[in-house]
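> Model the structure of this input:
(chains A and B, ligands or ions: 1)
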Amino acid sequence: MNKELAKISYLLAQGFSYPGQNNCNKTFFEAVKEVANAFEVPCGSISFSKDELCQAYTQLFINEPQGRWAPPFSSVYLSAQGLLMDKGREQAVKFYKEAGLEPGRLTEPEDFLVTELHFVAELLDSDNLGLLSRFLQQHMLKWFPCFYRRLKALKPHPYYLLLADLTSRFLDTTYQEVIDETT
Amino acid sequence: MKRRNFLKLSASACAALAALQLGDKDIFRPVQARSAAEAPKLPGSLGAKEITSVCEMCFWRCPIVGKVKNGRLVKIEGNPKSPANGTRVCARGNSGVQLLYDPDRIKYPLKRTGSRGEGKWARISWDEALDEVAHNLKETKRKYGPHALAFFDHGASAEFMRDIFKTLGSENYTNEPAFFQCVGPAALAYLMTYGYVTTGTRQYIDMKNAKAMLFIGTHIGENVHVSHVREFIEGLQNGAKLVVVDPRYSASAAKADIYLPIRPGTDTALLLAWMNFIISEGLYNKEFVEKHCTGFDELKKAVKKYTLQWASPICDLPVRDMKKAILLLAGNSPHVAVHPGRHSTWYGRGDTGRHQALAILAALFGAVGVEGGLYFPTHVKKGHISFGCVEEEPETPAKSISEDYYPFASTFGSPTSKIIEATLTGKPYPVKLWGINGVNILQTISNPYHTMEAIKKLDFIFCEEILPTETAIWSDIVLPGATYLERYDTVYTFDLLTPYLTVRQPVVKPMFEVKSSFWIARELAKRTGLKCFNYNNEVEFIEEELKGAGLTLKELNQKGGIVSYKANPYRDPKEFKVATEDGKVQLAVEDFADEDLDPVPKFVPTPAPPKGYVRLVYGRSPVHTFSRTMNNKWLHNEAPENLLWLNDKVAKKVNIKDGEEVVLENQDGYRSWPIKIKVTPGIRPDTAYMVHGFGSRSKQLSKAYKQGASDQFLVTEYEDDPFMGASSHRTNFIRIVKAGKVINLPELCPPPKDIPRFVPQKNRTGGK
Ligand code: SF4
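Predicted structure coming up:
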């Protein structure tokens, strides 16, 4: 079970990565659709061009022409200042260190949604459920709902709305699962 | 969802997931011993690692220390070893942290997907971005020749990219708005009078040891450069007298012994009358003038007609006050700090002359090379580096933008107004590609509406930017530049009263995919096929520069990131020599006469406001730099918007209250964003004032967008300085629109007949 949840977390992390060959193909969309079915989230066929998703991604998560965007970094939601590299990042790094890990390749700050979803997957993969439960309760479930609300308010591209819906359900479900298993 | 449902339904999902390669093993790695050592758990910046560097929140470049804890910059302080600022930084220096971590930053290379100005982008790879820029540089040059490429730059790090345009053979490789929209006229006037740029990035003026100071429009205190402000304050503490000439009661005016609220555009009249007064009364420094100046007789003859009585109605100042001020200044000569000013693109036609008059006045006091006067820079030795850029044989255009419009433009580059004109009209030749680095052109260059029209005509435009400014949203490709806290630059030397050598170095790793200006320029050069930048990275050339100073980077860092030197600012009268051809101060500039320009300044009136309008002037805020810092949260909290200073008597007559929000309309019908009014007796009735740089039009600047009004977007009328082609910025007039109703402003100080009134051009169409 945990391995399957880990896979979903990896899938969502990949979905929230910038569109490229790995996450913008039929097989990937098919998997997203299956996960949506699993979570009983209604979704039609998923087929978007890379260009379309690149533009949507840039506008939602990088820089948006109207200045209405949803930065996918916990710090922006967890500190009063709304800055990068603030409290959220500090929290995330602390949890990573506790697991004996540190982010390696990504150029984004350590509290990037993609990195955090990877971390969830790593903890699920390694059955480190105690830490996972704390990570979710004390950190990720504190900021992701704010991000999710901000994103929904932007009336985003349907694909990213779907991914955000799935992530929200995935985090809630995983937290419940972990609580069930650790109590 | 219940768990068993999930398990039951997960079979097909599992199959789909199994078909994918998921989980990037490189995202996490085991904690490495090096990074495992956490900073001690101490509050704030205590226990932080300290890295010395150089501030770039403004161009003054104060030495700083970045305090880094667990990979995060937590605080910036002045470098305690700096003789200029010590541990002090200004509010902006402090707020570099907020620039670094601003979520609005440009994070990746971006390619425009909407129309220019719309700000719709897609993220692209560095390879794609650089290849596209390089392709366009080559293709534009092939199609239209090298001069079709134009570069707009500001700041030391933009110089790397400037080398590309230069190497490609364009004459338009430096159109620095810093010169053509700001300091150019003052820099030229002092260069021709004294042979060195007494005012450029820095002002060589010894306020600390002055017995009297003169500021014309200079508003230190609102315009903050740490060591400059400190020297000003020390001068006052030491008992220096201060004369401030300004239509607005500025922070400096509040400290003045004599404040002269002059009619805007008439400063040169005052200066000429003062010169005549001290010459005819014998109050000038005869010994200095005889020994060290040329052109005195010509000057004396030229200023003879300008009496204090003549100047009084023009300047709208009582003879008594003007006389009191000049007697105070002359009485303290030669220790008189005649501040040379910096931003001097005020009225176009008289700008070089006004600063020439200031330069001459200082010489008449003998206030040069002495304590309390203008002083000489102290050369700080460092190694010479060459990037080995092999320039092509320059192709001379039939008519040159740089050389054939204004006789002294080429000293600084190509005038920005002429580049824009050439882009719009194709004359004298087509300009088809713009590169921009370190300057937000739409909030800097006169008539941004023209600039936007010109951009629409370009084949290609790219920029290196840190924030999504107006310039970025008009660009085809945006290259994400590293902030000063994430990169190296060249070695900096400071040649003022407290000389030192220091180096800008990264205090933290670059965020996202941002790159240093050197890296970007080097990559671009490679892809454009240019032989340029024969160093692999910044440290290589920094070491070479330091070698010339007998240092290595390691040694410099061991010394606290800075080395100080002894200043040599003053000259013994026997050795006194300036850097002009004959070593003397030029009271009449023959080079100007050779170009049919006035060798001695003349009073050239700038048109007075049309009926119903007042003149718009602008200035600085101590917590902001140009339009660059308005999105900075801390600074935004300090000063989120600008206010329009309006004279209390004018406000009363048209029933406008303090704090009321209005819209401004200029003489061409262009309107501003809403701005609140500050009703005050501290401004003349024929003038309105606001802080420059607000009213951003980029929605992507989430804190700065639409906050206050942009003075720049009201500057649609400009005139070029006939000496060097800088564009004027104080030749525009505003009236008020309140609740949709246009309000004409009463004229309480009508201009004398010697000053003509501005006549709006009929063909101008204002965008409401
Ligand atoms: S004056 Fe302020 S902003 Fe300018 S360099 Fe110094 S500390 Fe930085």
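
> Which residue comes closest to the residue of chain A found nearest the ligand once chain neighbours are left out?
Here the residue of chain A nearest the ligand is A:L83; by C-beta to the nearest ligand atom that distance is 19.1 Å. Glycine gets a C-beta too; all of them are placed from N, C-alpha and C. Spatially, and ignoring its direct neighbours in sequence, A:L83 is nearest to B:Y101 (4.4 Å; C-beta to C-beta, 6 or more residues apart in numbering or on different chains).

> Name all residues that make contact with that neighbour.
B:Y101 is in contact with A:S75, A:L83, A:L84, A:M85, A:D86, B:L73, B:M511, counting by C-beta atoms under 8 Å, 6 or more residues apart in numbering or on different chains.

> for A:P109, same thing?
So A:P109 contacts A:F73, A:S75, A:L84, A:M85, A:R89, B:M511 (C-beta under 8 Å, 6+ apart).

> quick one: which of those sit in helices?
A:S75, A:R89 (DSSP state H).

> longest single helix anywhere in the chain?
Assuming you mean chain A. helix A:158-182.

> right idea, wrong chain: chain B
As assigned by DSSP H, the longest helix anywhere in chain B is helix B:126-144.

> any idea which element B:I736 lies in?
Per DSSP states H and E: B:I736 is located in strand B:733-738.

> Beyond that strand, next helix or strand please.
strand B:741-743.

> who's in contact with that next one?
B:V654, B:I656, B:E665, B:R735, B:I736, B:V737.

> CSV for the contacts of B:Y101, including pLDDT and neighbour count?
What follows is these, written out as CSV (pLDDT from 0 to 100; neighbours: other C-beta atoms under 10 Å in any protein chain shown):
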residue, pLDDT, neighbour count
A:S75, 96, 27
A:L83, 91, 21
A:L84, 95, 28
A:M85, 95, 25
A:D86, 94, 23
B:L73, 96, 21
B:M511, 96, 21
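
> Is stretch A:110-119 positioned near chain B?
Yes: if you take C-beta under 8 Å from any C-beta of the partner chain as the test, stretch A:110-119 does meet chain B, through A:V114, A:T115, A:H118, A:F119.

> three-state assignment of the second one?
Yep, that's A:T115 we're talking about. helix (DSSP: H, G, I helix; E, B strand; the rest coil).

> Please name the residues that touch A:L117.
By C-beta under 8 Å, 6+ apart, A:L117 lies in contact with A:S9, A:Y10, A:L12, A:A13, A:F16, A:T167.

> The third one touches A:L166, doesn't it?
Yes: with contact defined as C-beta atoms under 8 Å, A:L12 and A:L166 form a contacting pair (6.3 Å).

> Comparing these two, which shows the higher neighbour count?
Legend: neighbour count by other C-beta atoms under 10 Å in any protein chain shown for A:L12 and A:L166, higher for A:L12 (25 against 21).

> For that one, what is the enclosing helix or strand?
helix A:2-15.

> Make sure B:A240 is actually in contact with B:D206.
No: B:A240 lies out of contact with B:D206 (C-beta under 8 Å); the separation is 10.4 Å.

> hey, what's in contact with both of these two?
Common neighbours of B:A240 and B:D206 (C-beta under 8 Å, 6+ apart) are B:A337, B:G372.

> Would stretch B:87-107 count as contacting the ligand?
Yes: shown here: stretch B:87-107 in contact with the ligand (C-beta under 6 Å from any ligand atom) through B:V89, B:C90, B:R92, B:G93.

> any weak-confidence spans in the chain?
Assuming you mean chain A. Low-confidence segments of chain A (pLDDT under 70): A:1.

> Switch to chain B, please.
For chain B (pLDDT under 70), the answer is B:1-10, B:33-40, B:762-768.

> what about dumping the CA coordinates of stretch B:359-375 to PDB?
Only the C-alpha atoms of stretch B:359-375 are listed here, as PDB (Å, rounded to 0.1, in the frame of the first residue of the first chain):
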ATOM      1  CA  ALA B 359      31.800  74.300 -12.100                       C
ATOM      2  CA  ILE B 360      33.000  77.900 -12.900                       C
ATOM      3  CA  LEU B 361      31.500  79.300  -9.600                       C
ATOM      4  CA  ALA B 362      33.600  76.700  -7.700                       C
ATOM      5  CA  ALA B 363      36.700  77.900  -9.500                       C
ATOM      6  CA  LEU B 364      35.900  81.600  -8.800                       C
ATOM      7  CA  PHE B 365      35.900  80.600  -5.100                       C
ATOM      8  CA  GLY B 366      39.200  78.800  -5.700                       C
ATOM      9  CA  ALA B 367      37.300  75.800  -4.200                       C
ATOM     10  CA  VAL B 368      39.200  73.200  -6.100                       C
ATOM     11  CA  GLY B 369      41.800  70.800  -4.700                       C
ATOM     12  CA  VAL B 370      41.400  72.300  -1.200                       C
ATOM     13  CA  GLU B 371      39.700  71.100   1.900                       C
ATOM     14  CA  GLY B 372      36.000  71.700   1.600                       C
ATOM     15  CA  GLY B 373      36.000  72.100  -2.200                       C
ATOM     16  CA  LEU B 374      36.000  69.900  -5.200                       C
ATOM     17  CA  TYR B 375      38.800  67.400  -4.900                       C
END
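
> In it, which residues are buried?
Of all the residues in stretch B:359-375, those buried under the rule 16 or more other C-beta atoms under 10 Å in any protein chain shown are B:359-375.
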